[in-house]
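A.B. asks: just a sequence and a predicted model for now, questions to come.
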Amino acid sequence: MKKTTVSKLVHKYLPYVVVIAAFAVCQSMISAGTMPRTTKTLLIPVCTYIVMAVSLNLTVGISGELSLGHAGFMSIGAFTGIVIAAYTQQVFNCSELLQLLFAILAGGIMAGIMGFLIGIPVLRLQGDYLAIVTLAFGEIIRNVLNCIYISLDGNALRFSFNRPDLPGQLLFRGPTGATGVNRIATFTAGFLLVLFTLFVVLNLIHSRSGRAIMAIRDNKIAAESCGIDVTKYRMMAFVTSAALAGMGGALFGLNYSTLVPANFSFNASILILVYVVLGGIGNITGSIVAATVLYVLPEKLRAFADYRMLVYAVVLIAVMLLTNNQTIKNFLVSFREKGHEKSGKKGGEAV
Amino acid sequence: MTMFLSNLISGISLGSVYAIIALGYTMVYGIAKMLNFAHGDVIMVGAYICFCCLYNLGLPPAVGVLASMAVCTLLGILIERLAYKPLRQATSLAVLITAIGMSYFLQNLAQMIWGANPKSFQTVIPAGSLTLMGGELKISYVSMVTIAASVVVMVALSLFVGRSKMGRAMRCVSEDKGAAQLMGVNVDLTISVTFAIGSALAAIAGVLMCSAYPTLKPTTGSMPGIKAFTAAVFGGIGSIPGAMVGGILLGVIEILGRAYVSSELGDAFVFAVLILVLLVRPTGLLGKKIQEKV
């Protein structure tokens, strides 16, 4: 009984511990000046991808729906964030911190609304069909963004579809995206966003709603017969995941001076999915670690230029083959059982 | 009117390519119950092999096509044996990630061998076109050959799956793997043959596609691969006539959407139609209805 509460506590608070420890190490390295510049530039993208992976894990791991369009929500958040940051600067003359705050909030809200609208058709489907439709929506978002132009004319935002001849200063121009963005994202903001994401996701998982979501994942019909509103809870997970992805996107967008919709293609969605799967589906700490390692690794392997993605692909296949190998699985299970026996004996002695 | 007809024909021609790719997708899905994301990259490999035969070795086009089919067949069998077979009992997500890894692997391997710069693929089909309606409507030989090839492939495949012993084995395995094995069907061989056929079709599709749209890059196959998969779902995944119908409809929608609505939104149209179809008929146009069991 006591053991289960301990493991539950570990399950709930381990992600926070990992993130805070990593942040403390990074901060002390920065203030001591021992962190190389190339590593420093990776900090904000790593925070973003942690947010993306944790939020996707909510859809894929906790809700059990394979989503292949997560980068679509990220792009909505990114471009909303960029526009809102420029708007609040011009119109309200906000400080950079407030701009960032508003941008992240707006990115989250916008992506959440899109998540809701997309969720209505998507959540009527299941399995591979659901996966292909999320993929389709991701591509549609990218295509539509390619046709949108937004300008800031005095104090008004102007939108147009397929016509770049807008009055005022163009903030977002279709396929060429946003250029000359004020890079206001900071590592501390990224860290706080990661904490916020963990707070939302972990509290959701360990709440009544979270248990309902997992019950639906495990057996939809059984959950329904227990009186759980399937659509409501699936939608809750989907929209939360989309909104968090939008917030991550806003942070990401404000870290680069140029950003184009083509950055958020199908491959970007797959990249995030790979983080989730290799980190362990449904395992939040795993997502954090996998996103960090797998984002930093290819960047550090730049010396091998041509080979790095090849190596990445081979590692991906090898990990999938090894983790699903029956002999290795059996070995791990026997190993774990031995461990349990030992701890069981210890427990017995203590009593 | 002639404008519309000419768009329609190029749509059907593009759709025929999608249909050939979708046939491979749908057969593999029907039997192995997996989304083979690497299928699109097999198309790219096929096109590169044909390119090499024509340019580096100076072989005649027919030999190039046959060589690329042979290489892709081997590649398909190899991929299945090395990457997918060990995962037959694993979750579908694990298989999907492996397929994605395989897709990255093929793309990057191609980039190492042939470089990232696009190669201009010269058509294997004589250039030129058939002129109809007093010179107003031109149908290129490439379109005609593409459409004819897809019809031939479709008929041959239907006959093979419907009439031959191996075809019957395929249908058995797709219905129930365990029961098929008990009845003496060699499941491993059947799955290998399915991958071999699918990959050979991908090679044909690659050559045809690059004859019509002659830029060849390591990422050439990925978008058509996704669209062909969409076509397979559209027509009802697992169904051979469905893949054909879905592929051709998708090609026509894409070309007409580009021509009459917005050239930027061609892909968005394809995917929007897919979503609409899935909402009205969740198993695709010609797919079988799946009964949900407790």
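C.D. replies: Right, received. Where do you want to start?
A.B. asks: look at A:Ala24 and say how many residues are nearby.
C.D. replies: By the measure other CB atoms under 10 Å in any protein chain shown, the count of residues near A:Ala24 is 11. Placement of C-beta: from N, CA and C, glycine included.
A.B. asks: quick one: buried residues of the helix or strand encompassing it?
C.D. replies: Using DSSP states H and E, A:Ala24 sits in helix A:2-32. The neighbour-count check on helix A:2-32 (16 or more other CB atoms under 10 Å in any protein chain shown) flags A:15-16, A:18-19, A:22-23, A:26 as buried.
A.B. asks: chain B: which of these is nearest?
C.D. replies: A:Pro15 (21.5 Å; CB to the nearest CB).
A.B. asks: residues from the stretch 151-300 of chain A in reach of chain B?
C.D. replies: Contact residues, the stretch 151-300 of chain A versus chain B (CB under 8 Å from any CB of the partner chain): A:162, A:174-175, A:221, A:266, A:270, A:273-274, A:277-278, A:281.
A.B. asks: which one of the residues you listed sits closest to B:Ile248?
C.D. replies: A:Phe266 (23.3 Å; CB to CB).
A.B. asks: so A:Ile150 sits in a strand?
C.D. replies: Yes: checked against DSSP: H, G, I helix; E, B strand; the rest coil, A:Ile150 lies within a strand.
A.B. asks: look up how far A:Arg183 lies from the residue nearest to A:Ile141 when sequence neighbours are not counted.
C.D. replies: Among residues not flanking A:Ile141 along the chain, A:Gly72 sits closest, at 3.9 Å (CB to CB, 6 or more residues apart in numbering or on different chains). A:Gly72 is 23 Å from A:Arg183, where distance means CB to CB, to the nearest Å.
A.B. asks: ok, the two, which is more surrounded?
C.D. replies: Between A:Gly72 and A:Arg183, counted using other CB under 10 Å, A:Gly72 has the larger neighbour count: 34 against 12.
A.B. asks: my guess is that one meets A:Phe266, correct?
C.D. replies: No: at 9.3 Å, A:Gly72 does not count as touching A:Phe266 under the criterion of CB atoms under 8 Å.
A.B. asks: pull the residues that contact the helix or strand where B:Ala272 lies.
C.D. replies: B:Ala272 belongs to helix B:266-280 when assigned by DSSP H and E. With CB atoms under 8 Å, 6 or more residues apart in numbering or on different chains as the test, helix B:266-280 has contacts from A:121, A:124-125, A:129, A:132-133, A:135-137, A:139-140, A:143-144, B:223, B:227, B:230, B:233-234, B:249-250, B:253-255, B:257-258, B:261, B:284-285.
A.B. asks: quick check, distance from the helix or strand just after the helix holding A:Ala24 to the centre of its chain.
C.D. replies: The helix or strand immediately downstream of helix A:2-32 is helix A:37-40, counting by DSSP H and E. Relative to its chain's centre, helix A:37-40 lies at 22 Å (CA atoms, centre = their mean, to the nearest Å).
A.B. asks: kindly report the same for stretch A:90-108.
C.D. replies: 21 Å.
A.B. asks: least trustworthy helix or strand in the chain by mean pLDDT?
C.D. replies: I went with chain A, as the question did not name one. helix A:326-350 (a mean of 61; mean pLDDT, DSSP states H and E).
A.B. asks: oops, I was thinking of chain B
C.D. replies: strand B:129-132 (a mean of 72).
A.B. asks: wait, is B:Thr283 part of a strand?
C.D. replies: No: B:Thr283 is assigned coil when assessed by three-state DSSP, not a strand.
A.B. asks: what distance do you get for it to B:Ser92?
C.D. replies: When B:Thr283 is compared with B:Ser92 (using CB to CB), they lie 17 Å apart.
A.B. asks: hmm, stretch B:165-175 in reach of chain A?
C.D. replies: No: counting by CB under 8 Å from any CB, chain A has no neighbours in stretch B:165-175; the shortest distance is 14.8 Å.
A.B. asks: still on that earlier bit, find residues that contact each of A:Gly72 and A:Phe266.
C.D. replies: Common neighbours of A:Gly72 and A:Phe266 (CB under 8 Å, 6+ apart) are A:138-139.
A.B. asks: tell me the secondary structure at the closest residue to B:Gly221 other than its chain neighbours.
C.D. replies: Closest residue in space to B:Gly221, ignoring its immediate chain neighbours: B:Met44 at 3.4 Å, by CB to CB, 6+ apart. Three-state call for B:Met44 (three-state DSSP): helix.
A.B. asks: which residues does B:Leu74 contact?
C.D. replies: Neighbours of B:Leu74 in contact, by CB under 8 Å, 6+ apart: none.
A.B. asks: if you set the cut-off to 10 Å instead, what comes out?
C.D. replies: B:196, B:199-200 (CB atoms under 10 Å, 6 or more residues apart in numbering or on different chains).
A.B. asks: any idea which element it lies in?
C.D. replies: Going by DSSP H and E, B:Leu74 is part of helix B:61-79.
A.B. asks: after that helix, next one along is what?
C.D. replies: Criterion used, DSSP H and E; the element after helix B:61-79 is helix B:92-114.
A.B. asks: check whether that next one comes into contact with chain A.
C.D. replies: Yes: Helix B:92-114 is in contact with chain A by CB under 10 Å from any CB of the partner chain, via B:92-109, B:111-112.
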